[in-house]
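# Sequence below, structure please.
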Amino acid sequence: MFPDIGTSGIAHAIQLALAPVFLLSAIGAMLAVMTNRLSRIVDRARSLETQAAKQAEDGMHKRAELVLVARRARLVSWAIALCTTTALLVAAVVATLFLGAFLGFEAAIPIALLFIAAMLSMIAALSLFLREVFLSTAGLRFNGASLRELSRSKRAQND
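The predicted structure follows:
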């Protein structure tokens, strides 16, 4: 029923699985960063909702910022979903690698396809995360001026 792969076959499968397992730990670290970021976004949204309800004159500005925060939350949520999908695909790579070794079938094509799908998912997750970072810095305001406006005035002073 099962092919006799022996200890050396199992050791070889473990060696092949080592790189994807390290990749899983890196994905876990990225997920921790993204979930921390989402937590901060949710905290900011709650704060803005409270402020908007209390301050009628500044409520429209707070509501506009709340729209930006909601957009950021959606981007990070999608990035987390895609990063989790990446982890699942990498875990499937490892499982397929071992199943191929134990059941004696050629697993190169399924492993390659799963790994390519994992990398595409990771690219999409990181792209969404980067977009969220750009949105968060674009929305920063210091004494009523945006980061972009402050950097332009700083360059104008230096020229």
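# Going by C-alpha atoms from here, please, whenever you check contacts or count neighbours.
Fine.
# Mind jotting down where the helices sit in the protein?
For the chain, the helices defined by DSSP state H occupy 6-54, 59-103, 108-138, 147-158.
# so of these, which one's packed in deepest?
Greatest average neighbour count among the helices of the chain goes to helix 59-103 (a mean of 19), per mean count of other C-alpha atoms under 10 Å.
# counting contacts, what elements does it pack onto?
Helix 59-103 is packed against helix 6-54, helix 108-138, with contacts defined by 3 or more C-alpha pairs under 8 Å, 6 or more residues apart in numbering; DSSP states H and E.
# how about these, which one is nearest Thr84?
Thr84 sits nearest to helix 6-54 of all the helices and strands packed on helix 59-103, at 7.5 Å, using C-alpha to C-alpha.
# Could you tell me the angle between that closest one and helix 108-138?
Angle of helix 6-54 versus helix 108-138, following axes from the mean of the first three to the mean of the last three C-alpha atoms, to 10 degrees, is 20 degrees.
# Give the rounded mean pLDDT of helix 6-54.
On average, the pLDDT along helix 6-54 is 84.
# Equivalent analysis for stretch 68-80, please.
According to the model, stretch 68-80 has a mean pLDDT of 95.
# mind checking how far that stretch is from the chain centre?
10 Å (C-alpha atoms, centre = their mean, to the nearest Å).
# hmm, back to that, now the helices and strands packed on helix 59-103 in CSV, with distance to Leu82?
What follows is those, written out as CSV (distance: least, C-alpha to C-alpha, whole Å):
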stretch, distance to Leu82
helix 6-54, 10
helix 108-138, 5
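# Go through these and name the closest to Ala81.
helix 108-138 (7.8 Å).
# what's near enough to touch Ile111?
93, 96-97 (C-alpha atoms under 8 Å, 6 or more residues apart in numbering).
# Leu24 too?
Leu24 neighbours (C-alpha under 8 Å, 6+ apart): 87, 90-91.
# Need the residues you listed in a markdown table (columns: pLDDT and distance to Lys54).
Converted to a markdown table, the contacts of Leu24 look like this (pLDDT from 0 to 100; distance: C-alpha to C-alpha, whole Å):
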| residue | pLDDT | distance to Lys54 |
| --- | --- | --- |
| Ala87 | 97 | 43 |
| Val90 | 94 | 48 |
| Ala91 | 94 | 48 |
